[in-house]
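> sequence first, predicted coordinates after that:
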Amino acid sequence: MTDAERGRGASRLGPELYVGWRAADIGVLTERLERALIVELAGAVAGKRVLDIGCGDGELALDLAARGAQVTGIDASERMIAAARARPGAARVAFEVAVAEALPFPAASFDLAVAVTILCFVEDAAPVFAEIARVLRPGGRLVIGELGKWSSWAAARRIRAWAGSRLWARARFRTRRELVGLAEAAGLSVETVRGAVFFPRLAPLARLLAPLDPRLGRATTFGAAFIALAAGKRARRDQRLGPNPSPSSRSTTYSAGITSTVSAVEEASPKTSDSARP
């Protein structure tokens, strides 16, 4: 992230927007579904070293710490990190200002990396995936959630872009195929891809349709405003076998274990690698 990118609109992308989104009816519903999916794919985290990339005000990082994980949370926004450090229980998490393209950690530092809506305004996501793969230990896992391309939420945001929204004119929405390709190009083995938030951004319809969401998410990602992917970093023996070892030659198997809250920041200017939840 350049200094110019860091500065543009940064003062308006504050932690109060996260709080406001989580207090709204539609925010409560979407946050619950997205969080449940990320936590499910992350699996048991007790005792694991976990990196939350684009941690925002620390909501997910603190949740994972409460589940027994040793959590480090990073975000490019100093205001977000300050808010995260001020939350009750923040002493359980190491919060740091950093960007996803240049993670300030040695190779093989973490058992699990989680990242929620960090790629919305990143043109080239490959370096981000490469950095995540670098800091994962062999056998470690990535769980990432991004804005789905083929959903009513994405369509509405494209309309906003055509109407002059500078934020959504720069936004990137991802497909299942794109996320899988990025993970595999970084040397990760994709385990699971799931969708969430299939309802439109209308609270009455959301309340009606939300109970169907988990079943839809297991069947397809088309129509999902949020797509989550879980992928594993092969153990060293698997890495020597090449990028696509056959199932019979793999020495390690992996068991697969928030629409995004960017709606709360629709008028904020984008910052590369900041989480876009809210």
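That came through fine. Numbers count the residues shown, from 1 in each chain.
> helices or strands up against the lengthiest strand in the chain?
Longest strand in the chain by number of residues (criterion: DSSP state E): strand 136-147. Counting contacts by 3 or more Cβ pairs under 8 Å, 6 or more residues apart in numbering; DSSP states H and E, strand 136-147 packs against helix 25-42, strand 110-116, helix 126-135, helix 176-185, strand 188-196, strand 226-233, helix 236-240. The C-beta positions use only the backbone N, C-alpha and C, and glycine is treated the same way.
> that one versus helix 25-42: what angle between them?
Comparing the axes of strand 136-147 and helix 25-42 via axes from the mean of the first three to the mean of the last three Cα atoms, to 10 degrees yields an angle of 150 degrees.
> mind listing what's buried in the following helix or strand past strand 136-147?
Proceeding N to C from strand 136-147, the next assigned helix or strand is helix 152-162, under DSSP states H and E. Residues of helix 152-162 classed as buried by neighbour count (16 or more other Cβ atoms under 10 Å): 152-154, 156-158, 160.
> quick one on the thing from earlier: by mean pLDDT, show me the worst of the helices and strands packed on strand 136-147.
Mean pLDDT is lowest for helix 236-240 among those, at a mean of 57.
> shouldn't residue 226 be in contact with residue 194?
No: under the criterion of Cβ atoms under 8 Å, residue 226 makes no contact with residue 194, lying 9.1 Å away.
> of these two, who's got more company?
Neighbour totals were compared for residue 226 and residue 194, and residue 226 leads with 30 against 24 (other Cβ atoms under 10 Å).
> for the more buried one, give its distance to residue 33.
8 Å (Cβ to Cβ, to the nearest Å).
> out of the helices and strands in this protein, which is least certain?
helix 3-7 (a mean of 35; mean pLDDT, DSSP states H and E).
> still on that earlier bit, overlap in contacts, residue 226 and residue 194.
residue 37 (Cβ atoms under 8 Å, 6 or more residues apart in numbering).
> with adjacent residues omitted, what lies nearest to residue 234?
residue 189 (5.9 Å; Cβ to Cβ, 6 or more residues apart in numbering).
> which of the helices and strands packed on strand 136-147 is buried the deepest?
Neighbour counts (mean count of other Cβ atoms under 10 Å) averaged over each of those peak at strand 226-233, with a mean of 27.
> quickly run through the sheet partners of that one, with directions.
strand 136-147 (antiparallel), strand 188-196 (antiparallel) (DSSP bridges).
> next SSE downstream of the last one?
Okay, so that is strand 188-196. Sequence order places helix 203-209 as the next helix or strand after strand 188-196, per DSSP H and E.
> that next one - contacts with which helices or strands?
Against helix 203-209 (3+ Cβ pairs under 8 Å, 6+ apart) you get helix 25-42.
> okay, the spatially most central residue of the chain and residue 47: tell me how far apart.
By Cα atoms, centre = their mean, the chain has its centre lying nearest to residue 116, at 1.5 Å. From residue 116 across to residue 47, the span is 22 Å (Cβ to Cβ).
> for residue 202, same thing?
For residue 202, the distance to residue 47 - Cβ to Cβ - is 42 Å.
> ok, the two, which is more surrounded?
A count of neighbours by other Cβ under 10 Å puts residue 202 above the other of residue 202 and residue 47, at 13 against 9.
> quick one: residues contacting the closest residue to that one other than its chain neighbours.
Closest residue in space to residue 202, ignoring its immediate chain neighbours: residue 26 at 7.6 Å, by Cβ to Cβ, 6+ apart. Residues counted as contacts of residue 26 (Cβ under 8 Å, 6+ apart) are 201-203, 206, 263.
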